[in-house]
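[1] from the sequence below, what's the structure:
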Amino acid sequence: MRDYNLARAVTITLGVLLGLLLSALAFGLLGGRPSSQLTEADVIGTWQGDRGARLEVTTGGRARLSDASGWKCARGEQPGVFTGDGRWTIGQLSDEDPGIRVEFRSEGTPAVQECHDWFLLHGTGREAAAGGDEVWATFLSRDGSAAERFRRAPTG
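    Next up, the predicted model:
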């Protein structure tokens, strides 16, 4: 009888601990991803890079990137300065912060050449996005170079 009570107590304790762990993960208490979803309002606006690039994200899924250096899809063999119009959609890679997937067409390149990348938002989460104070963004870098950091420009 004593062994039965001990086994029962251990089973209940493990069940409670597992439930607490799952709850903590679900609410982001253990460093998980925030449960709130990124919205259009979180990304629409003008984002200014610390190296001079500028990303304009507008309603209707349109975007314009100008003066971005180090892009492999710029004209020529080597990475260069890129300017182009494109489109965006909200998304998230499984191991990255949320953001938008952008696809651009470089000025002066054939219509079939398009460039795409992820523009990832970092910071304290969606709550800070409205003010933009603690939210910053980067393009997902595939070449290992230091990423240009973007902040949303204040609106009127």
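[2] can you tell me the closest non-neighbouring residue to residue 139?
    Nearest residue to residue 139, sequence neighbours excluded (CB to CB, 6 or more residues apart in numbering): residue 117, at 4.9 Å. Just so you know, the C-beta spots here come from the backbone N, C-alpha and C atoms, and that holds for glycine as well.
[3] let me see the contact set for the one you found.
    Shown in contact with residue 117 (CB atoms under 8 Å, 6 or more residues apart in numbering): 101, 102, 139, 140, 142.
[4] confirm that it sits in a helix.
    No: checked against DSSP: H, G, I helix; E, B strand; the rest coil, residue 117 lies outside a helix; its state is strand.
[5] how about the helices in this protein?
    Per DSSP state H, the chain carries helices over the ranges 2-26, 40-43, 126-129.
[6] which of the contacts of residue 117 fall in strands?
    101, 102, 139 (DSSP state E).
[7] make JSON lines out of those residues and add distance to residue 65, pLDDT and neighbour count.
    Shown next, in JSON lines, are these (distance: CB to CB, whole Å; pLDDT from 0 to 100; neighbours: other CB atoms under 10 Å):
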{"residue": "101", "distance to residue 65": "13", "pLDDT": "90", "neighbour count": "16"}
{"residue": "102", "distance to residue 65": "7", "pLDDT": "89", "neighbour count": "21"}
{"residue": "139", "distance to residue 65": "9", "pLDDT": "84", "neighbour count": "21"}
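[8] name the nearest of these relative to residue 83.
    Proximity of those to residue 83 (CB to CB) peaks at residue 102, which lies at 13.4 Å.
[9] how far away is that closest one from residue 123?
    19 Å (CB to CB, to the nearest Å).
[10] give me the helix or strand of this structure that scores worst on average pLDDT.
    Using mean pLDDT, DSSP states H and E, the weakest-scoring helix or strand in the chain turns out to be helix 126-129, at a mean of 45.
[11] so which bits of the lengthiest strand in the chain are buried?
    Determined from DSSP E, the single longest strand within the chain is strand 80-91. Under the neighbour-count criterion of 16 or more other CB atoms under 10 Å, strand 80-91 has 82, 83, 84, 86, 87, 88 buried.
[12] from the contact counts, what lies against it?
    Strand 80-91 sits against helix 40-43, strand 62-71, strand 99-106, strand 114-122, with contacts defined as 3 or more CB pairs under 8 Å, 6 or more residues apart in numbering; DSSP states H and E.
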